[in-house]
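In: Attaching a predicted model along with its sequence, questions to come.
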Amino acid sequence: MQFRQQALAKLQSPEELDLPVRFARPQGWLALSVTVVVMAAASVWAVTGTVASTVSAPAVLTHGEGSYILQSPVAGQVTEVVAQEGERLPANAPVLKVRTAQGGTTVVRTVAAGRVTALAATIGAIISTGANVAAVEKVAHADDPLYATVYVPAESAATIPANASVDLTVQSVPTQQYGVLRGHVKAVGRSVQTPQQISSFLGDSQLGEQFTKKGRPVAVLVRLDRSAATKSRLKWSSADGPPFALTSMTLATGSIRLADQRPVDWLLP
């Protein structure tokens, strides 16, 4: 009670009526001003700013037209393997010879010009009609450019803008030493890819299964940036890049920059 009476008496005393009322200290006004400025800037950025995002997916380096799997038109025993792995052949060139049960010999030939990347048949092997005997990459000249095919989840493909920038982490190249491979999107597939379609394009059935483990993806064709300053003749995030050229069927991981989104759309569900 005693303290309450003293407080009431102090309020009723006119001794300090002539003193100015201090609502806040200068430090408080400064903190309030900074808070208001930050909130205003955040509001403007939320309306007019953009958020950059990327999607990462498995990729493989190939030539533009891909590969095809050569199949035997007949059943029989392989008597001769004419072609060699790594050899470039014209269209209708002999790859191997098969002796049929009737005693005749059939020559299995390339469907289109290309480079033999794998031979599945050996001399003496018994094969059936339609058996896979070779994988042939569709490349007619040694200087045909490499591309990258990135197998992007279908739900992300629609947000990939034309000519989007792409960074490729190549499995056979130490990233810490040589960086990433640069490229830009050339084309985005219109439909999802089945394991069979991927295997047919790459000439490798295992990759078809590997790239569809998490669902059927969309194939995104990436044009690799060129550079005369590197030994690979390709542009890297480092100045020189690796001291060797890249070959087709080299595996990588592609990181594609998606279309910029507004923060309000990005933050709200």
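Out: Great, that's in hand.

In: any idea how far the residue nearest to Val220 when sequence neighbours are not counted lies from Glu80?
Out: Of all residues not flanking Val220 in the chain, Val150 sits nearest, at 4.5 Å (Cβ to Cβ, 6 or more residues apart in numbering). Any C-beta I mention is one placed from the backbone N, CA and C, and that applies to glycine too. Val150 sits 40 Å away from Glu80, going by Cβ to Cβ, to the nearest Å.

In: So which of the two has more stuff around it?
Out: Val150 (29 against 13; other Cβ atoms under 10 Å).

In: and the more buried one, what does it touch?
Out: Ala57, Pro58, Ala59, Val166, Ala219, Val220, Val222, Gly254, Ile256 (Cβ atoms under 8 Å, 6 or more residues apart in numbering).

In: Equivalent analysis for Ala229, please.
Out: Here Ala229 is in contact with Ala239, Asp240 (Cβ under 8 Å, 6+ apart).

In: How about Leu89?
Out: By Cβ under 8 Å, 6+ apart, the neighbours of Leu89 are Ala83, Val95, Thr110, Ala113, Gly114, Arg115, Val116, Val136.

In: if you set the cut-off to 7 Å instead, what comes out?
Out: Leu89 makes contact with Ala83, Thr110, Ala113, Gly114, Val116, according to Cβ atoms under 7 Å, 6 or more residues apart in numbering.

In: give me every residue that touches the second one.
Out: Read that as Thr110. Neighbouring residues of Thr110 by Cβ under 7 Å, 6+ apart: Leu70, Leu89, Ala91, Asn92, Ala93, Val95, Val136.

In: mind pulling up the phi and psi values for the closest residue to the fifth one other than its chain neighbours?
Out: The reference is to Ala93. Distance criterion Cβ to Cβ, 6+ apart; nearest residue to Ala93, sequence neighbours excluded, is Thr110 at 4.8 Å. Backbone geometry at Thr110, expressed as degrees, to the nearest 10, gives phi -70, psi 150.
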